[in-house]
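> got a structure for you, letters missing:
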């Protein structure tokens, strides 16, 4: 259980640093159109973190027989433990470090939809989506699903063996 807490904290810190890098590079204002790509790339951080955790857990408990189920439980428990820390770190980021994030994204979305006609409902949807509570909820769901997918897939890359 200690390994799961450790990697949940590591993942939370890494994803917070990733968010700060996105901001400092300019993906939250100048290059906001690339934000979906950088958000997708955060899944690489999840996969590497969970992979390293499973590998460390196997090496610290060599007497156990490691199978798919134990590896899945390890990775998914880490995901569940990381979720509250991730919500807190995002709240800190969007409230203290980059409070203009939502305004920047909404301004860019209005510019995109102004070029075409009949997209007024899209702007309204974006205004509803890019407010703190809705964005935190969707981030929570995205992180849970990302963790679930990698918890299901990563154990397949390990062979069943007894140390």
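Right, received. Where do you want to start? Keep in mind that this is a model prediction, so the values were computed, not measured.
> Quick one: the helices in the chain, in order.
Using DSSP state H, the helices of the chain run over 2-25, 35-60, 68-92, 101-115, 120-129, 132-153.
> Redo those helices as CSV? Include mean pLDDT, mean neighbour count and distance to residue 159.
Just so you know, the C-beta spots here come from the backbone N, C-alpha and C atoms, and that holds for glycine as well. Shown next, in CSV, are these (pLDDT from 0 to 100; neighbours: other CB atoms under 10 Å; distance: least, CB to CB, whole Å):
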stretch, mean pLDDT, mean neighbour count, distance to residue 159
helix 2-25, 93, 17, 20
helix 35-60, 89, 16, 10
helix 68-92, 94, 18, 11
helix 101-115, 75, 15, 43
helix 120-129, 71, 13, 43
helix 132-153, 92, 15, 15
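> From residue 106, how far out is the most centrally placed residue in the chain?
Centrality entry for the chain: nearest residue to the mean C-alpha point is residue 143, 4.6 Å, by CA atoms, centre = their mean. Residue 143 is 23 Å from residue 106, where distance means CB to CB, to the nearest Å.
> same deal with residue 157?
Residue 157 is 41 Å from residue 106, by CB to CB.
> What of residue 11?
In terms of CB to CB, residue 11 sits 29 Å off from residue 106.
> With residue 53 instead?
Applying CB to CB to residue 53 and residue 106 gives a distance of 37 Å.
> just residue 52 next, same as before
Residue 52 is 37 Å from residue 106, by CB to CB.
> what does residue 75 give?
In terms of CB to CB, residue 75 sits 35 Å off from residue 106.
> go on, residue 29?
From residue 29 over to residue 106 the distance is 12 Å, taken as CB to CB.
> Residues that sit against both of the two, list them.
The contact sets of residue 29 and residue 106 do not overlap (CB atoms under 8 Å, 6 or more residues apart in numbering).
> Next up, the contacts around residue 76.
Here residue 76 is in contact with 147-148, 151 (CB under 8 Å, 6+ apart).
> what does residue 1 give?
Taking CB under 8 Å, 6+ apart as the test, what residue 1 contacts is residue 77.
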